[in-house]
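J.: what would the 3D arrangement of this be:
(one chain, ligands or ions: 2)
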Amino acid sequence: MDRSIDRNPELKLVGRDARTERTVVRLRNGAAFGAETLAICAGPCSVESEEQIDLTSSGVARAGANVLRGGAFKPRTSPYAFQGLGPAALELLRAAADRNGLAVVTEVLDPRDVRIVARYADMLQIGARNMQNFALLREAGESGVPILLKRGPCATIAEWLMAAEYLLVAGNDQVVLCERGIRSFDPATRNLLDLSAVPLLAELTHLPVIVDPSHGTGLARLVEPMAFAGVAAGADGLLVEVHPDPAAAVSDGQQSLSVEAFGSLMRRLAVVAAAVGRRLPATRIIV
Ligand code: PEP
Ligand code: MN
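T.: Ligands and ions are numbered 1, 2, ... in the order given. Have a look, this model is predicted:
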């Protein structure tokens with residue numbers, strides 16, 4: 001097999017040659033993926049309560065994030081683990097984001113939920129485990145709502161781009177790719193964050209790419225250095241799990257930053273961003 005996927009003739013719409021300009025995905029609040037200013041998505045793994053999402057939303061907005069993340073429908077390895085608050089979480093997310101000028105990105109697990117999630121969210125997340133759920137890709141593509149497409153834990157770059165191709169074929173070119181680590185032989189980290197994917201994708205596709213150092217490492221203390229590395233590698237933004245009390249989080253607490261730690265990351269990130277010609281979003285106005 002030809003290992004140079006840049007010559008894959010099937011990448012008709014996502015391939016770099018399909019467009020002269022790079023795609024910039026803009027959300028209603030002004031957050032943009034692929035522009036000089038980075039898109040910074042932050043928030044808890046799962047929406048747990050009104051207080052939790054409000055504290056997180058105001059905290060990450062103050063630190064300079066421009067997109068609030070939070071799971072309402074959670075893909076959990078165990079069927080006995082917390083599955084998310086569902087539609088109630090969508091309401092809480094929207095209200096918390098609106099209070100702080102943030103956009104909302106949240107995962108949709110089931111093609112039957114695309115409509116309800118799109119009613120509340122500015123961007124639909126297709127999670128790593130669903131990257132090749134073709135029925136979901138078709139439905140999300142037809143919705144026309146911006147999509148954050150995470151890389152499958154065992155997906156090659158070519159398979160990931162073909163999954164994105166499904167969205168564009170369905171008529172949706174508002175697609176952002178998210179590198180969140182791939183499964184490796186080494187359990188020292190939860191996943192192996194493939195940062196070489198970032199500059200490689202810039203050669204292969206016109207779509208923006210962001211990095212998720214939270215799922216990419218599984219360890220809160222590794223999130224800041226890998227966030228810096230992702231931006232240095234050319235990422236158009238970050239997805240970071242932030243919780244007001246990580247030790248008490250119902251999911252992914254060990255990889256979540258406190259609001260304070262996220263604020264410190266953002267202050268230090270500005271220097272890294274400037275070194276590669278990028279900027280951080282302006283701090284949201286808190287009402
Ligand atoms: C998440 O963003 O909380 C999540 C479940 O991510 P992933 O699909 O990358 O595992
Ligand atoms: Mn998570």
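J.: how about the contacts made by the spatially most central residue of the chain?
T.: In the chain, the residue lying closest to the centroid (Cα atoms, centre = their mean) is Leu239, at 4.6 Å. Contact analysis of Leu239 by Cβ atoms under 8 Å, 6 or more residues apart in numbering lists 41-42, 69, 105, 148, 178, 180, 210-212, 214. In short, each C-beta sits where N, CA and C put it, glycine included.
J.: phi, psi for it please.
T.: Backbone geometry at Leu239, expressed as degrees, to the nearest 10, gives phi -120, psi 120.
J.: retrieve the pLDDT associated with it.
T.: For Leu239, the pLDDT comes out at 99.
J.: buried residues of the longest helix along the chain, list them for me.
T.: Assignment by DSSP state H gives helix 259-275 as the longest helix of the chain. Buried residues in helix 259-275, defined by neighbour count with 16 or more other Cβ atoms under 10 Å: 259, 261-263, 265-266, 269, 272-273.
J.: closest to ligand 1 among the residues you listed?
T.: The closest of those to ligand 1 turns out to be Phe262 (Cβ to the nearest ligand atom; 15.5 Å).
J.: these two touch, right, the closest one and Ala42?
T.: Yes - counting by Cβ atoms under 8 Å, Phe262 sits close enough to Ala42 to count as a contact (6.1 Å).
J.: for stretch 278-285, list the C-alpha coordinates in PDB.
T.: The C-alpha trace of stretch 278-285 is given here as PDB (Å, rounded to 0.1, in the frame of the first residue of the first chain):
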ATOM      1  CA  ARG A 278      -1.100  32.900  17.300                       C
ATOM      2  CA  ARG A 279      -3.100  34.700  20.000                       C
ATOM      3  CA  LEU A 280      -5.400  33.700  22.800                       C
ATOM      4  CA  PRO A 281      -9.100  34.700  22.800                       C
ATOM      5  CA  ALA A 282      -9.900  38.000  24.600                       C
ATOM      6  CA  THR A 283     -11.200  37.300  28.100                       C
ATOM      7  CA  ARG A 284     -15.000  37.000  28.100                       C
ATOM      8  CA  ILE A 285     -17.000  39.700  29.800                       C
END
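J.: distance between it and the chain's centre?
T.: 17 Å (Cα atoms, centre = their mean, to the nearest Å).
J.: cool, and stretch 24-37?
T.: 13 Å.
J.: list the buried residues of it.
T.: Across stretch 24-37, burial judged by 16+ other Cβ under 10 Å covers 24-27, 29, 31-35, 37.
J.: for His243, which non-adjacent residue is closest in space?
T.: Ser256 (4.2 Å; Cβ to Cβ, 6 or more residues apart in numbering).
J.: pretty sure that neighbour sits against Val242.
T.: Yes - look at Ser256 against Val242 with Cβ under 8 Å: they come within range, at 6.2 Å.
J.: tell me the contacts of the closest residue to Arg19 other than its chain neighbours?
T.: Nearest non-adjacent residue to Arg19, counting by Cβ to Cβ, 6+ apart: His206, 4.5 Å away. Residues counted as contacts of His206 (Cβ under 8 Å, 6+ apart) are 14-16, 18-19, 21-23.
J.: ok, so of those residues, who is nearest Pro111?
T.: Ranked by distance to Pro111 (Cβ to Cβ), these are led by Val14 at 21.1 Å.
J.: and that closest one, what does it touch?
T.: Neighbouring residues of Val14 by Cβ under 8 Å, 6+ apart: 161, 164-165, 168, 175, 205-207.
J.: all helices of this structure, in order?
T.: Using DSSP H, the helices found in the chain span residues 50-63, 87-99, 114-120, 134-143, 157-169, 197-204, 213-217, 220-232, 259-275.
J.: rewinding a little: could I get the buried residues of helix 259-275 as TSV with distance to ligand 1 and pLDDT?
T.: As requested, the buried residues of helix 259-275 are exported to TSV (distance: Cβ to the nearest ligand atom, whole Å; pLDDT from 0 to 100):
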residue	distance to ligand 1	pLDDT
Val259	18	98
Ala261	18	98
Phe262	16	98
Gly263	21	98
Leu265	18	98
Met266	19	98
Leu269	20	98
Val272	23	98
Ala273	23	98
